[in-house]
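J.: here's a sequence, model it:
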Amino acid sequence: MTTPSPLTQDELKALVGKAALQYVVPGAIVGVGTGSTVNHFIDALAGMKDQIRGAVSSSVASTERLKALGIPVFDANEVESLAVYIDGADEIDGHGCMVKGGGAALTREKIVAALASRFVCIVDESKLVPALGRFPLPVEVIPMAAQHIARRFAALGGTARMRLRDGQPLVTDNGQHILDVTGLSITDPLGFESQVNQWPGVVTVGVFAHQKASVGLVGTTQGVVKTFTY
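T.: Okay, here's the model as predicted:
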């Protein structure tokens, strides 16, 4: 008797992406996030596109993928609320607080999350952490404030580096830059998010505590595990 090969990380992402379909409300507009795990969800969502009105997307990349699969995409200003927002995370703790923004879409992700009654976070088990801070914290900033904000993080014990693409500062979908901050242990995500969001020049900090996940779906070698429901 042969032992089944362990699932790859991509297979785990596909597994949890399909599992998220159970939270899609028929006849509604779905909030859709950004990233490799969400791409699997989008692909799965295409199989039931005739059962939904469409989607609100958090990034240009997700919008293009949705439209290519024939799923209508609405502007966030066209909807008053969403029943559910489905997105991944760069890391997530046991209380549903997350670090997001590895794909540079954190601001739009937070906007769409704020529209939704329920945030379903879909991740593979490598993203689970006891406390936030292992993954570099993305912070979207207005370019003229970047060095000032970097110094404020240094005062907290963190090191902020400008995210580059082809040797130049990455420009987000909103026309801003991203600082990635290492060296932090975020033991009070709600307080930390509130504090940093008040710094002049910060567009959005990548801690999602005010818009934390209400459901966590984790792809594991034993299948999809629901880690919490709030």
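
J.: from D180, how far out is the closest residue to E193 other than its chain neighbours?
T.: Closest residue to E193 apart from its sequence neighbours, by C-beta to C-beta, 6 or more residues apart in numbering: V207 at 4.2 Å. Where C-beta positions appear, they are placed from N, C-alpha and C, glycine not excepted. Distance of V207 to D180, given as C-beta to C-beta, to the nearest Å: 13 Å.

J.: about what we covered before: got the contact list for the residue nearest to E193?
T.: C97, M98, V99, L132, L137, I186, P189, F192, E193, V196 (C-beta atoms under 8 Å, 6 or more residues apart in numbering).

J.: quick one: which of those residues is most hemmed in?
T.: Highest neighbour count within these, by other C-beta atoms under 10 Å: M98, with 31 neighbours.

J.: adding distance to L82 and pLDDT, write the contacts of V207 out as JSON lines.
T.: Below are the contacts of V207 laid out as JSON lines (distance: C-beta to C-beta, whole Å; pLDDT from 0 to 100):
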{"residue": "C97", "distance to L82": "20", "pLDDT": "98"}
{"residue": "M98", "distance to L82": "18", "pLDDT": "98"}
{"residue": "V99", "distance to L82": "22", "pLDDT": "98"}
{"residue": "L132", "distance to L82": "25", "pLDDT": "98"}
{"residue": "L137", "distance to L82": "26", "pLDDT": "98"}
{"residue": "I186", "distance to L82": "27", "pLDDT": "98"}
{"residue": "P189", "distance to L82": "23", "pLDDT": "98"}
{"residue": "F192", "distance to L82": "26", "pLDDT": "98"}
{"residue": "E193", "distance to L82": "21", "pLDDT": "98"}
{"residue": "V196", "distance to L82": "26", "pLDDT": "98"}
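
J.: all set now, cheers.
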